[in-house]
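S.K.: Got a sequence here, can you model it:
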Amino acid sequence: KPAVADELQATLVAAGLPTRINGLPDDQILLGRLGHDKKATGRGPRFVAFTSGGLAELISQLSDFTIAVCLDRIRER
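M.R.: Residues are numbered from 1 along each chain as shown. Next up is the predicted model:
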């Protein structure tokens, strides 16, 4: 959820950690690489998703669109 992402971003900034990544390849290249990641399953790449209250869960089966939206949020422009 956007509110959780905003809260996480504020926490990272307060800790002096980066919230953007410079030089990421385009989405299609990254999606292809994620599919070959050692943590990927038959259902696709796996991610840690943070929820409200600081909880985290391991998720897979995200659409390419959802992954692209997440990548766009961290891509430095």
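
S.K.: Assumed Leu17 was part of a helix.
M.R.: No - per DSSP: H, G, I helix; E, B strand; the rest coil, Leu17 lies outside any helix segment and is coil.

S.K.: Tell me where this structure has helices.
M.R.: 2-14, 27-35, 64-74 (DSSP state H).

S.K.: Next, format those helices as a markdown table and append mean neighbour count.
M.R.: Quick note: C-beta positions are derived from backbone N, CA and C, even for glycine. A markdown table is the format used below for these (neighbours: other CB atoms under 10 Å):
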| stretch | mean neighbour count |
| --- | --- |
| helix 2-14 | 12 |
| helix 27-35 | 13 |
| helix 64-74 | 13 |
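
S.K.: of the ones you listed, which approaches Ile21 most closely?
M.R.: With CB to CB as the criterion, Ile21 lies closest to helix 64-74 of the helices of the chain, at 5.3 Å.

S.K.: Distance from the chain centre to stretch 53-68, please.
M.R.: Chain-centre distance of stretch 53-68: 7 Å, with CA atoms, centre = their mean, to the nearest Å.
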